[in-house]
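# The following block contains a protein sequence and its predicted model.
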Amino acid sequence: MTGVVWFLNSSFVPELVIEKLKYVYNPLEYPSLKTRVEDLAKALKNENFGTFKQIFGEGFGTHSEIYRHNLRAVSWSRVFRFQEIDNGFYYLYHRGGWVLLTTFILSHLYLLSRINQIKAKIGFFAIVFLTNVLSIHYFNYYFYLLIPFFIINKLKISEKYNKEVL
């Protein structure tokens, strides 16, 4: 660990890495994360869901829009539609309301409780949380479906092994 700290503070580190390290030390300053949080706040502010849609969601309709103003290049300012908002938690809420979002959170808390090692828990939490805050790829890539499968399957394998040993 000391070697890593020494290396990161040495002159051998490329400029690109030094530039990105400030976001490792303070992730809330990462521009992409700031944009996603602002987009989510705008989307929630602009939504016109009634009580029924808040509870059960809108399904597969895509009407949510936000306007993103680009300070650097005004010509890049434009309206972004539902899937371009790129936040997995909003994606769930929009599609299935509080019911689906709560189900998702509870099921992942259950999976988190089934993991024994603290490093694996931190990794699982980071994958789920960061992937959903920064994108909707958690729902677009089948790879992420393997994570719950392996957690549950490992549990079945270890139970079967314990029965055979006893």
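Great, that's in hand. All figures in this text were calculated on a predicted structure; none of them were measured in a lab. Residues are numbered from 1 along each chain as shown.
# give me every residue that touches the residue nearest to Leu44 when sequence neighbours are not counted.
Counting by CB to CB, 6 or more residues apart in numbering, the nearest residue to Leu44 once its immediate chain neighbours are dropped is Tyr90, at 7.5 Å. Where C-beta positions appear, they are placed from N, C-alpha and C, glycine not excepted. Going by CB atoms under 8 Å, 6 or more residues apart in numbering, Tyr90 touches 40, 43-44, 64.
# In those, which residue is surrounded by the most others?
Counting by other CB atoms under 10 Å, Ser64 has the largest number of neighbours within these, with 22 neighbours.
# Could you verify that Val133 is part of a helix?
Yes. The assignment for Val133 is a helix, going by DSSP: H, G, I helix; E, B strand; the rest coil.
# and the residue nearest to it when sequence neighbours are not counted, what helix or strand is that in?
Beyond its immediate neighbours in the sequence, the residue positioned closest to Val133 (CB to CB, 6+ apart) is Arg36, lying 5.9 Å away. Arg36 belongs to helix 31-46 when assigned by DSSP states H and E.
# What's the mean pLDDT across that helix?
Over the span of helix 31-46, the pLDDT mean works out to 82.
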